[in-house]
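Enquirer: Sequence and predicted structure below; questions after.
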Amino acid sequence: MPFCTMASSSRFPGKKVVSTPVFMWSTRVYYEDTDAGGVVYYANYLRFMERARTEYLRSMGFYPGALMEEGIMLVVRRADVAYRSPARLDDLVEVSVGLSRLGQAGLDVEQTVYREGEPLCKAAVALACVRVSSMRPAALPADLRQSLVNQQQAVRAGATGREERV
């Protein structure tokens, strides 16, 4: 069963040190996630990341259905993915979500899929807030934006008490 926690993660070793809380979500690799070789099919890493982002928002009280009822949704507008090592059938993987940029009508996150602490796949994902009716850009809802601002302030204040290299 998937679970989620708040933790720290090192994104770019060797760079200056800052504190960054990162949302972590865990899942098991199932047969449906793998290709004929028994490794996770490359596109399924994006599915893991989507689920982690959804659980990240849910952990702050924002549910996809409720956002759609408000007439808005977050859509991926860009994903830059780097694959390092394959996950395999029955592996337990963790997926991180870290906010890297917050705009008026979108946000960028950095995500990593890990197995036993080893990074398997990294991605920079840009999300746009759009109106459901027109698929045109919309401002992030004020309460969601404030939750994300509060998270950024916690990062700057070092709220996790853990330092890492970024």
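Expert: Yep, it's here. Just so we're clear, the structure is a prediction, and the values are computed from it rather than from any experiment.
Enquirer: how close does Gly106 get to Arg115?
Expert: Distance, Gly106 to Arg115, using CB to CB, to the nearest Å: 30 Å. (Glycine included, C-beta is placed from N, CA and C.)
Enquirer: Okay, helices next: where are they in this protein?
Expert: For the chain, applying DSSP state H gives helices covering 44-59, 64-69, 142-157.
Enquirer: got the buried residues for stretch 80-98?
Expert: For stretch 80-98, the neighbour count (16 or more other CB atoms under 10 Å) marks Val81, Pro86, Ala87, Asp91, Val93, Glu94, Val95, Ser96, Val97, Gly98 as buried.
Enquirer: That should have said stretch 134-146, apologies.
Expert: In terms of neighbour count (16+ other CB under 10 Å), stretch 134-146 has its buried residues at Ala138, Leu140, Pro141, Leu144, Arg145.
Enquirer: And stretch 119-126, by the same measure?
Expert: Here stretch 119-126 shows Pro119, Leu120, Cys121, Lys122, Ala123, Ala124, Val125, Ala126 as buried, counting by 16+ other CB under 10 Å.
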